[in-house]
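J.: Pasting the sequence and the predicted model now:
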Amino acid sequence: MRIIPWQDTPQAIAILASCAIEPPAKLRHTKQFYLTSDEWLAYDVSDERVAKLSAIQNEHFLAAECLGGREAARIAVGLSVAEAIDIAVAVNAGRGIAA
């Protein structure tokens, strides 16, 4: 049995290619604490591509865990959705520079 990372599935590759060409929006998030706050950017989950990638990742994790346990699931979900999109965008940007 060979477990592949979720981002290497044909459906994820197609969606990531779309994100590389036209990246989803990143939204600023803030969480307030007693004496401080935390701010971060995250891809907009209302973008159906981001939502679909998350669903693919979750499905792939569950399938891999059923087939091979926690270690298989770890291999299957090595990257977060944001990391996969960031890589796709960076690779596409690198191609534009070399052209």
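T.: Yep, that arrived. Numbering: from 1, shown residues only.

J.: what's the first-to-last distance across stretch 17-36?
T.: 38 Å (C-alpha to C-alpha, to the nearest Å).

J.: Grab the nearest non-local neighbour of the residue nearest the centre of the chain.
T.: Centroid-nearest residue in the chain, with C-alpha atoms, centre = their mean: Val81, separated by 1.3 Å. The spatially closest residue to Val81, leaving aside those adjacent along the chain, is Leu53, at 4.7 Å (C-beta to C-beta, 6 or more residues apart in numbering). (C-beta placed from N, C-alpha, C; glycine too.)

J.: Same check on Ile13?
T.: That would be Gln7: by C-beta to C-beta, 6+ apart, it lies 7.4 Å from Ile13.

J.: any idea where the strands of the protein begin and end?
T.: 26-32, 37-43 (DSSP state E).

J.: who's Thr30 bridged to?
T.: Applying DSSP bridges to Thr30 yields these beta-bridge partners: Glu39.
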